[in-house]
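S.K.: missing the sequence, but the structure's below:
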């Protein structure tokens with residue numbers, strides 16, 4: 001990589017320019033519900049500024065109405081056993097997530113995505129309700145059965161019950177709506193997601209904190225990035241030729257988008273998981289474990305790596321846009337940008353993160369993080385270095401082509 005490109009990707013030290021949602025310019029972790037204050041954690045009382053020069057496209061105009069329909073669907077199948085579990089499901093702000101990640105596009109596809117999310121969260125709660133012993137086997141076994149139900153309906157691999165009935169409905173309606181190519185990408189994204197979750201579960205079961213390189217290599221899979229993007233592509237009718245869609249540069253950009261969203265989730269959800277033993281597998285804890293330091297001391301390096309990924313994303317996106325010859329490519333670049341930018345705004349406003357379950361018996365209505373969104377990467381001060389991650393070397397190779 002040339003020194004000019006390397007400097008751009010690493011990000012020069014510069015003054016932070018704030019443009020927080022709603023006009024707030026403070027980085028304080030504070031909420032808006034009657035003086036509510038989001039909990040502090042080992043990271044301190046503030047979240048760092050979120051470097052995101054990608055334009056915020058807002059929320060899909062039908063998001064709230066679709067969200068009510070999706071929740072009614074979940075209620076119809078009895079996915080949540082009681083009012084408490086239902087309240088925590090709502091606290092994720094599913095309509096805001098989907099409506100910000102996909103601010104334009106077909107409404108019925110967005111509805112399907114919301115319903116898939118409600119189903120997946122209910123399954124996640126079910127899997128987490130058992131003992132740690134043997135959890136990996138349970139996750140792998142169930143994941144393969146779900147995949148087969150999606151790829152070959154009627155295979156009779158799932159036991160009868162509310163979750164299976166809801167899945168059958170989702171599969172039938174999704175297959176009726178998606179083209180064969182879209183369905184294939186959804187299946188591939190689901191497989192990628194489930195394999196990442198199984199890897200993470202295996203680490204927890206063994207009491208193992210992964211190395212930074214291993215964590216970064218798998219973070220995009222754990223995040224379900226390609227599962228989510230399959231719905232974004234379908235909702236917007238994006239039909240990129242396969243050789244372009246699966247080219248190294250486009251896949252590197254997709255990975256970068258998912259990694260950024262994963263890093264942001266690690267920050268927003270840190271307080272939600274800080275009671276776990278062994279500690280949660282997130283970027284800050286992985287770095288702290290590897291460097292033998294506290295979470296607070298690891299935070300600047302975590303932000304530096306995340307910001308480096310953001311600068312890389314913007315740099316590669318602009319290069320791909322400048323040389324695009326297929327009219328579908330700019331649509332995919334927009335979809336990736338909406339995913340990155342929208343998820344920051346969604347997570348900052350979700351009570352699931354701002355009033356976490358390990359501190360509150362019920363989510364606090366209106367709880368949110370007050371954050372700063374800036375168009376400059378964080379200044380890298382003395383003693384802070386951007387970690388070298390061999391698993392990302394293939395990213396940088398795309399900037400040379």
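M.R.: Sure, I can see it. On a predicted model such as this, the values are computed, not experimentally measured, just so you know. Numbers count the residues shown, from 1 in each chain.
S.K.: Residue 352 is in contact with residue 364, correct?
M.R.: No: look at residue 364 against residue 352 with Cβ atoms under 8 Å: they stay out of range, at 10.5 Å. No exception for glycine: its C-beta is placed from N, CA and C like everyone else's.
S.K.: Look at the two and report which has more neighbours.
M.R.: Comparing residue 364 with residue 352 by other Cβ atoms under 10 Å, the one with more neighbours is residue 352, at 21 against 18.
S.K.: could you say which helix or strand contains that one?
M.R.: Using DSSP states H and E, residue 352 falls within helix 351-354.
S.K.: ok, now residue 158?
M.R.: Using DSSP H and E, no helix or strand contains residue 158.
S.K.: and if you look at residue 377?
M.R.: Residue 377 belongs to no helix or strand, assigned by DSSP H and E.
S.K.: Is it correct that it is in contact with residue 310?
M.R.: Yes: Residue 377 is within contact range of residue 310, at 7.0 Å (criterion: Cβ under 8 Å).
S.K.: any shared contact partners between these two?
M.R.: residue 51 (Cβ atoms under 8 Å, 6 or more residues apart in numbering).
S.K.: what's the helix or strand that the helix holding residue 352 is followed by packed up against?
M.R.: For helix 351-354, the following helix or strand on the C-terminal side (DSSP H and E) is strand 373-374. With contacts defined as 3 or more Cβ pairs under 8 Å, 6 or more residues apart in numbering; DSSP states H and E, strand 373-374 has these neighbours: strand 50-51.
S.K.: Would you tell me what the next helix or strand after the strand it packs on is?
M.R.: Going down the chain from strand 50-51, the next helix or strand is helix 63-76, by DSSP H and E.
S.K.: Would you mark the buried spots in that following helix?
M.R.: Neighbour-count burial for helix 63-76, with 16 or more other Cβ atoms under 10 Å as criterion, is recorded at 63, 66, 67, 70, 71, 73, 74.
S.K.: give me every residue that touches the first one.
M.R.: Put plainly, it is residue 63. Here residue 63 is in contact with 95, 96, 98, 99, 100, 110 (Cβ under 8 Å, 6+ apart).
S.K.: can you check the second one too?
M.R.: Taking Cβ under 8 Å, 6+ apart as the definition of contact, the neighbours of residue 66 are 60, 95, 98, 99, 107, 110, 111, 114.
S.K.: By neighbours, which of those residues wins?
M.R.: Counting by other Cβ under 10 Å, residue 98 has the largest number of neighbours within those, with 31 neighbours.
S.K.: ok, which stretches of the stretch 151-300 of the chain are helices?
M.R.: 162-177, 180-206, 212-222, 225-235, 242-245, 248-268, 270-273, 283-291, 295-322 (DSSP state H, counting those that start in this stretch).
S.K.: could those be laid out in CSV, adding mean pLDDT and distance to residue 46?
M.R.: Listed next are the helices of the stretch 151-300 of the chain as CSV, based on pLDDT from 0 to 100; distance: least, Cβ to Cβ, whole Å:
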stretch, mean pLDDT, distance to residue 46
helix 162-177, 95, 39
helix 180-206, 95, 28
helix 212-222, 97, 24
helix 225-235, 98, 27
helix 242-245, 96, 40
helix 248-268, 98, 11
helix 270-273, 94, 12
helix 283-291, 96, 14
helix 295-322, 96, 10
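S.K.: so where's the stretch 301-401 of the chain uncertain?
M.R.: 381-383 (pLDDT under 70).
S.K.: rerun at 90
M.R.: The model of the stretch 301-401 of the chain has pLDDT under 90 over residues 378-388, 400-401.
S.K.: Could you check how far residue 153 is from residue 169?
M.R.: Here residue 153 is placed at a distance of 11 Å from residue 169 (Cβ to Cβ, to the nearest Å).
S.K.: Tell me the one of the contacts of residue 66 nearest residue 85?
M.R.: Nearest to residue 85 among these is residue 114, at 17.1 Å by Cβ to Cβ.
S.K.: so what's that closest one scoring on pLDDT?
M.R.: Residue 114 carries a pLDDT value of 98.
S.K.: Which residues are in contact with it?
M.R.: 66, 67, 70, 94, 95, 98.
S.K.: is it fair to say it lies in a helix?
M.R.: Yes: counting by DSSP: H, G, I helix; E, B strand; the rest coil, residue 114 falls inside a helix.
S.K.: Okay, and residue 78 sits in which element?
M.R.: Using DSSP H and E, no helix or strand contains residue 78.
S.K.: How many residues are close by the residue nearest to it when sequence neighbours are not counted?
M.R.: Nearest non-adjacent residue to residue 78, counting by Cβ to Cβ, 6 or more residues apart in numbering: residue 162, 4.6 Å away. Counted with other Cβ under 10 Å, residues neighbouring residue 162 total 16.
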